[in-house]
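In: prediction below, plus the sequence it came from.
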Amino acid sequence: MEQIVRADIAAFGSGRSEMANAMIEESGVRIGEDRRRGRGAGVNPSGRFEPVSRHVFDDGWESLEELPPFKTEVQVERPRTIITRNNSPDISFDRSINPYRGCEHGCVYCFARPTHSYMGLSPGLDFESKLFAKPDAAKLLEKELSKEGYEPRTIAIGTNTDPYQPIEKKYRIMREVLEVLEAYGHPVGIVTKSALVTRDIDILARMAERGLAKVALSVTSLDRMLARTMEPRASTPTKRLEALRMLSDAGIPVSVMVAPIVPGLNDHEIERILDSAANVGAREAGYVILRLPLEVSPIFKDWLLRHYPDRYRHVMSLIRSMRDGKDYDSEWGKRMKGSGPYAWQIGRRFEIAAKKLGLNEERRRLRTDLFKGTGKKVEQLMLL
């Protein structure tokens, strides 16, 4: 049976009551280990748009049957368009593609979790087990690229959910999208945590030779145990570094993202991660401070209490010191890097290490002059 979060809080002594009340209020019911094995989130709260909040609990009558484990379920989504536009002033792209909604990697900190609420599902375990695939993505992309007046700019893929998550092995949507982009001579930038990206080296190498592709691997930690608990179904750190090497050897420009940096957990690894990535061919690097928007905050807090209860107060204190005393600050320019002395220190450490390793000396810009859109005009039928 699922029980309300209480046990882990005992380690906090006099602060137990206050913290226990906060966790009960935010996370509600923790799902039993037998049901969530291999998953990141420990809770499955109702989405913020739902009119009611549902909780499973033992009423003492032993009337509840044991619920089955969370299994990965995939539904087909049929969107009308596939290119998502944005005008955010603090990111470097204005368009992106998401072949999937939800992500089986189960990264507990994923800022995309709240988007599952738009589907009437939970940002918790539903986000990593109830997925949506868009098999028409390549056809929709070709249609949009063929429109008259389309102006090419780099399309970012992997900025929301990972395009190379495990179900890509079956659906191959990302590969079909790359085939269209190659045919049209359209630039693409990819971010992933999966070594599956190496499957598409053939296409990416041809595109890179024409200045049309680059790939970034997110390496959160070199500690395999920490990575396994934070990102349970993503590739191991070793496989990600090996993927960087393989991509680089194939002539594909690669970079490393130290993201997210979680103060008190992986911030001491910044220099090691950059050094390891540089040694396998990375020439660019970036970082993002942990983001905890909306429902991500209680999900992350519950995870922190389960795995690192002795660090809970320290980690959350450091996070709030970079977010003006809050769990999260969504202000443009602050949401990625944070603010305050600790955020400044992290930024300087990153810059010094990157400079020492020769990273970011030259930013690879992708070409747009090779784009071959058809731009065919649709003839208007004569009125009878």
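Out: Noted; the coordinates are in hand. Residues are numbered from 1 along each chain as shown.
In: buried sites along the longest strand seen in the chain?
Out: If you go by DSSP state E, the chain has its longest strand at strand 254-261. By neighbour count on 16 or more other C-beta atoms under 10 Å, the buried set for strand 254-261 is 254-261. C-beta here means a position set from N, CA and C on the backbone, and glycine is covered the same way.
In: strands of the stretch 201-350 of the chain, start to end?
Out: For the stretch 201-350 of the chain, applying DSSP state E, counting those that start in this stretch gives strands covering 213-218, 254-261, 284-289.
In: can you list the ones you listed in JSON lines and add distance to residue 358 and mean pLDDT?
Out: JSON lines is the format used below for the strands of the stretch 201-350 of the chain (distance: least, C-beta to C-beta, whole Å; pLDDT from 0 to 100):
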{"stretch": "strand 213-218", "distance to residue 358": "17", "mean pLDDT": "98"}
{"stretch": "strand 254-261", "distance to residue 358": "13", "mean pLDDT": "98"}
{"stretch": "strand 284-289", "distance to residue 358": "10", "mean pLDDT": "98"}
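In: now tabulate those strands in TSV and tack on distance to residue 30.
Out: Converted to TSV, the strands of the stretch 201-350 of the chain look like this (distance: least, C-beta to C-beta, whole Å):
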stretch	distance to residue 30
strand 213-218	27
strand 254-261	23
strand 284-289	27
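In: pLDDT score for the nearest residue to residue 244 once chain neighbours are set aside?
Out: Counting by C-beta to C-beta, 6 or more residues apart in numbering, the nearest residue to residue 244 once its immediate chain neighbours are dropped is residue 280, at 4.7 Å. Residue 280 is assigned a predicted lDDT (pLDDT) of 98.
In: residue 322 now?
Out: 97.
In: grab the nearest non-local neighbour of it.
Out: Nearest to residue 322 is residue 338, by C-beta to C-beta, 6+ apart, at 3.3 Å.
In: tell me the pLDDT of that neighbour.
Out: On the pLDDT scale, residue 338 gets 97.
In: then residue 199?
Out: Residue 199 is given a pLDDT of 98.
In: that's a helix at it, yeah?
Out: Yes - counting by DSSP: H, G, I helix; E, B strand; the rest coil, one finds residue 199 located in a helix.
In: so how many other residues sit close to it?
Out: Per other C-beta atoms under 10 Å, the neighbour tally for residue 199 reads 16.
In: how much space between residue 80 and residue 254?
Out: 34 Å (C-beta to C-beta, to the nearest Å).
In: also residue 110?
Out: Residue 110 sits 22 Å away from residue 254, going by C-beta to C-beta.
In: switch the buried residues of strand 254-261 over to a markdown table; also include distance to residue 158.
Out: Shown next, in a markdown table, are the buried residues of strand 254-261 (distance: C-beta to C-beta, whole Å):
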| residue | distance to residue 158 |
| --- | --- |
| 254 | 13 |
| 255 | 12 |
| 256 | 14 |
| 257 | 10 |
| 258 | 16 |
| 259 | 11 |
| 260 | 15 |
| 261 | 18 |
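In: ok, of those, which one's closest to residue 96?
Out: Comparing these against residue 96 with C-beta to C-beta places residue 257 closest, at 15.3 Å.
In: for residue 72, the count of nearby residues, please.
Out: 16.
In: this completes my enquiry, with thanks.
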